[in-house]
Each structure stands twice: as structure tokens, then as C-alpha cells.
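# Show me the folded form of this:
(one chain, ligands or ions: 2)
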Amino acid sequence: MKFMRTIMITGGAGFIGSHVVRRFVRNYPDYRIINLDKLTYAGNLANLKDVEDCPNYKFVKADICDFDKLLSVIRDEKVDGIIHLAAESHVDRSIKDPFTFARTNVMGTLSLLQAAKAVWEPLGYKNCLFYHISTDEVYGALELTHPEGIEPPFSTKASSEQHKAYGDKFFTEDLKYMPHSPYSASKASSDHFVRAFHDTYGMPVIVTNCSNNYGPYQFPEKLIPLFVNNIRHRKPLPVYGRGENVRDWLYVEDHARAIDLIFHKGEVAETYNIGGFNEWKNIDIVKTLIRVTDRLLGRAEGEDMDLITYVTDRAGHDLRYAIDSSKLQRELGWEPSLQFEEGIEKTVKWYLENGEWLDQVTSGEYLKYYENMYGGR
Ligand code: NAD
Ligand code: DAU
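Residues are numbered from 1 along each chain as shown. Ligands and ions are numbered 1, 2, ... in the order given. Down below sits the predicted model:
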């Protein structure tokens, strides 16, 4: 079959990447989708079981730091679009091991840019696009400046407008980068390289910066799946500091839909912020998770509140993230489709119904799963 386009999605075996791969494989049968992933601890091909046999899907096990391999895949497969998600993504790991983050997120992104340039430059970059997926954490941390008595959650648009009227700050696309963690510093650096390849070599690029995602297939080291799994097993819930930090949550399929829209309709060289205007204090999320999980498990709602355990704060813990995604809404008409209450119910339900997935990931069983097929990890 002749395909209209060949799109390489890096990091497609991870959390967000698997939703993006699934969406593109299903929605665009006339595109060939290549999922290039190293399968680190965070990569799990079981996340893509439902699309792995589709004729327009191909998996390539490779490290984004391996320039020669990238070059041969982009050249031989005639890749004309890259959606780059592969990264080390967990802040706590970056605090313990910053080198791995610099290697993958900075050097890996640079290798990918160089390989794309080597193939695309002689073609005059015709119909080519390098789309880089980044994070709101590059902007640093915001203050909690809203007046006393007005507290998150701000989970509706009306309240976010009210919030803005009080003079509260949001992350907008024109803000200066102020990363604090080794993770966000490495992502900031990769964003700069991507833009530099546009400005220096004329490569068509787009960068998007998104807020915290939640939903199915997230690795249970991140707040929501970790805590649902712990509630399930009645294990302590380690809340950093006093649980006062604020994050802005977006359902992962809404992010994948934004990526699809921007890949097809976004302006080259532009940056778009993606977020749901949905700020929550960690402690309120944790209490919501306990109530929903208890109810879905048939326990008395809230009976597991005593699992909350306040622990030493994360080093350099950013106080508040809040994305202003109005540019994306205004220019491309994107809006989040799910209210948080609905999304969290759906998410908890998914983890409880997919206990086997959680068990395989937490036991390490999944690491053996594809060992014979792809030569191990
Ligand atoms: P994840 O950790 O779940 O998945 C990362 C994937 O990248 C895994 O499949 C892993 O195997 C792969 N990978 C890691 N190093 C690699 C390498 N050297 N070569 C090839 N593949 C490699 O991450 P995620 O949460 O899905 O995040 C995906 C992207 O989105 C990242 O770039 C992240 O910075 C960004 N992002 C994440 C969030 C969020 O809330 N999770 C929000 C905004 C932006
Ligand atoms: O904002 C986007 C970012 O969101 C992404 O770029 C990152 O890849 C992604 O990991 C996420 O970063 P966070 O650090 O915000 O996510 P995490 O789930 O690790 O933590 C969410 C909040 O919960 C944060 O304030 C720290 C807190 N926390 C987290 C864990 C794992 C706890 O209190 N206890 C925990 O055990």
C-alpha cells in the first residue's frame, strides 16, 4: 500500500506517546506511523496492544541518541513528519540522576534534529515538520497570588477568568524560561535547540508546552497512578511537603487531540501552550482520589484518608503551574473536552479495571514481556 505520509513518533511506548500513536494509527489509515522507542523502564509495548497489528503501524526499537540509526530510519522509511515525545520525564529521577536527563532530552533531541536535517535539507524541507512536545515546567514556578478565600480548584473556565481578573499570573507563550529542576532544565535546552534549527537552518518546527497530563497508561511513579495503586493496596500515600503545591491537569486524550490538530493546522515556528485551566492543590487531588477509589472499590467513601502521609518535600519543588492556552483556543479552536471530575472518575476506573497492567508494571514483569522479540532492554 502507498501511504500519503510517514510520521515517526518518538517515545510512542510511553504514557502520552501511546495515546498519540493510537490516535494517529486509527484516524489516519493512509499515514504510515513509525513508533521509535528505546523501551526504557517507562516504555511498555503492552500500552499499544490494540494497534500493534494494524497495517499502517511499525515499531522500531532505537535510542534517540543513536544518530546513525535515526538517519537510516528517517532516510529509508522516507519519514516526512516527526512528533518527538521520547524523553526522561520524571522530576524525582532527574534530581537523583541529572546526567541521564541531559543525555536523552538534550543530546537525544539534538541527534534527532541533526538526522532529520541531514535527510530533509537536500529536499528543501518540502512538506516536512519537526514537532517537539515539551512541558510547562520550562517556565518555572508561579506564585499563589489570588486573594485569600479564593482557593483552587479552579476547574471551570468561568473561575479561571475570575482568577485572571484578580491579576493572577499564568504561563503564556512569551514568558522567559526559568526552569528549576534538572528535568525542566533539560527540556528547556531541547526546546532551544529545536527553535535554533528553525532559525539557523530553516527547518520547519513547532513546539508545544503542556501542563500535567493524567489518564490511562501513566507510569505509576507519577502522582495519580501511584496513589490509586497505593490506595488499592492500602499503602501509605507520600504527600510532599504540606500538599499545597498546585498543578494544572489535562486529560491525556485531550492532549493527543491537541497534538493532532497542531501537527496538521499549526503555524510553523510557532509555540502553543496546552492546558485545561484546571488548577488543583495536590492535597485536594489526593482526597478526591481516595474518595473516588474507595467508592469504586465498594469501600466506605473516604475510609482510606488515614493513608495520607506527609513526607519531606521534593527539592526545589515548584509551587504552582498554570497554563494559559487561550492562543490555541483562539487560533485553532481547541478546547479540553473533559471536565476534571469526569476525567478523574474515568481514570481511576481504568486503573482499577486494569489491575493486571498496574501489577505487571509495579512488579517489573512487563520488562520481560517483549524481551525475545526485540532483544531485551
Ligand atoms: P514517559 O516517561 O511515560 O515516556 C517516555 C517514553 O520515551 C518511553 O516510552 C521511553 O521508553 C522513551 N524513551 C526514553 N528515553 C529514550 C531514548 N533515549 N530513546 C528513545 N526512546 C526513549 O513520558 P510521558 O509522560 O509520556 O511524556 C512524553 C513527553 O511529553 C515528554 O517529552 C515529556 O517531557 C512531555 N510532557 C509530559 C507531560 C506529563 O504530564 N506527563 C506534560 C507535558 C509534557
Ligand atoms: O507539568 C508537566 C509535567 O508534569 C511533565 O512535564 C512531567 O513529565 C510530569 O512528570 C509532571 O511533573 P510533576 O512533577 O508535576 O508530576 P508528578 O506526578 O511527579 O507530581 C505531581 C505533584 O505531586 C507534584 O507537585 C509533586 C507531588 N507528588 C508527587 C509524587 C510522585 C507528591 O506529593 N508525592 C508523590 O509521591
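
# And ligand 2, is the host helix or strand of Ser189 touching that?
According to DSSP states H and E, Ser189 maps onto helix 182-201. No. Using C-beta under 6 Å from any ligand atom, helix 182-201 stays clear of ligand 2, coming no nearer than 6.7 Å. Heads up, the C-betas are built off the backbone N, CA and C, glycines and all.

# tell me which residues of that helix are tucked away?
182-191, 193-194, 197-198 (16 or more other C-beta atoms under 10 Å).

# what does that helix rub up against?
With contacts defined as C-beta atoms under 8 Å, 6 or more residues apart in numbering, helix 182-201 is touched by 87-91, 93-95, 98, 101-102, 104-106, 109-110, 113, 117, 121, 130, 132, 134-135, 137-138, 140, 177, 179, 203-205, 207, 209, 268-269.

# quick one: the residue most central in space within the chain from Leu297, how far?
What sits nearest the mean C-alpha location of the chain, by C-alpha atoms, centre = their mean, is Ile16, with 4.8 Å. According to C-beta to C-beta, to the nearest Å, Ile16 stands 27 Å off from Leu297.

# just Tyr183 next, same as before
33 Å.

# Can you read off the backbone torsions of the closest residue to ligand 2 within the stretch 1-150 of the chain?
In the stretch 1-150 of the chain, the residue found nearest to ligand 2 is Thr135; the distance is 3.1 Å by C-beta to the nearest ligand atom. Main-chain dihedrals, Thr135, degrees, to the nearest 10: phi -120, psi 160.

# And the one 5 residues further on, by the same measure?
Phi and psi for Gly140, reported as degrees, to the nearest 10, are phi 90, psi -140.

# per-residue confidence at it?
Note on Gly140: pLDDT of 96.

# Same check on Pro153?
Pro153 is given a pLDDT of 59.

# And for Tyr214?
pLDDT, Tyr214: 98.

# To what extent is the nearest residue in space to it that is not next to it in sequence buried, counted in neighbours?
Spatial nearest neighbour of Tyr214, excluding adjacent residues (C-beta to C-beta, 6 or more residues apart in numbering): Ile224 at 4.8 Å. Using other C-beta atoms under 10 Å, Ile224 has 21 other residues around it.

# you'd agree Ile224 is up against Gln218?
Yes. Using C-beta atoms under 8 Å, Ile224 is in contact with Gln218, at 6.6 Å.

# for ligand 2, what are the nearby residues on the stretch 51-200 of the chain?
Counting by C-beta under 6 Å from any ligand atom, the stretch 51-200 of the chain sits next to ligand 2 at Ser89, His90, Val91, Thr135, Asp136, Glu137.

# what about Val239, neighbour count?
21.

# The helix or strand containing it - contacts with which helices or strands?
Using DSSP H and E, Val239 falls within strand 237-240. In this structure, strand 237-240 makes packing contacts with helix 223-232, helix 282-296, strand 308-311, judged by 3 or more C-beta pairs under 8 Å, 6 or more residues apart in numbering; DSSP states H and E.

# Specify the stretch among these that is closest to ligand 2.
helix 223-232 (3.5 Å).

# quick one: that closest one near ligand 2?
Yes. Judged by C-beta under 6 Å from any ligand atom, helix 223-232 comes into contact with ligand 2 through Leu223, Leu226.

# List the contacts of that helix.
Contacts of helix 223-232 (C-beta under 8 Å, 6+ apart): 214, 218-220, 235-237, 247, 282, 285-286, 289-290, 293-294, 297, 304, 307, 344, 347-348, 351-352, 355, 358, 362.

# and those residues near ligand 1, which?
Restricting the contacts of helix 223-232 to those near ligand 1 - C-beta under 6 Å from any ligand atom - leaves Phe219.

# Got a ChimeraX select line for the buried ones in the contacts of helix 223-232?
Buried members of the contacts of helix 223-232, defined by 16+ other C-beta under 10 Å, are picked up in ChimeraX with:
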select :214,218,219,220,237,247,282,285,286,289,290,293,294,304,307,344,347,348,351,352,358,362
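
# contacts for stretch 346-353?
214-216, 224-225, 228-229, 232, 251, 289, 292-293, 296-297, 338, 357-358.

# Separate out the buried members of the residues of the stretch 51-200 of the chain next to ligand 2.
For those, buried by 16+ other C-beta under 10 Å: Ser89, His90, Val91, Thr135, Asp136, Glu137.

# What about those, which are in helices?
Using DSSP state H, the members of these that fall in helices are Val91.

# In the buried ones among the residues of the stretch 51-200 of the chain next to ligand 2, find the pair that's most separated.
His90 and Asp136 (15.5 Å; C-beta to C-beta).

# Make a markdown table from the residues of the stretch 51-200 of the chain next to ligand 2 and add pLDDT to it.
Formatted as a markdown table, these follow (pLDDT from 0 to 100):
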| residue | pLDDT |
| --- | --- |
| Ser89 | 98 |
| His90 | 97 |
| Val91 | 97 |
| Thr135 | 98 |
| Asp136 | 98 |
| Glu137 | 98 |
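
# These: which ones sit near ligand 1?
Answer for these near ligand 1 (C-beta under 6 Å from any ligand atom): Ser89, Thr135.

# Tell me the buried residues within the contacts of helix 182-201.
Applying 16+ other C-beta under 10 Å to the contacts of helix 182-201 flags 87-91, 93-94, 98, 101-102, 104-106, 109-110, 113, 117, 130, 132, 134-135, 137-138, 140, 177, 179, 203-205, 207, 209 as buried.
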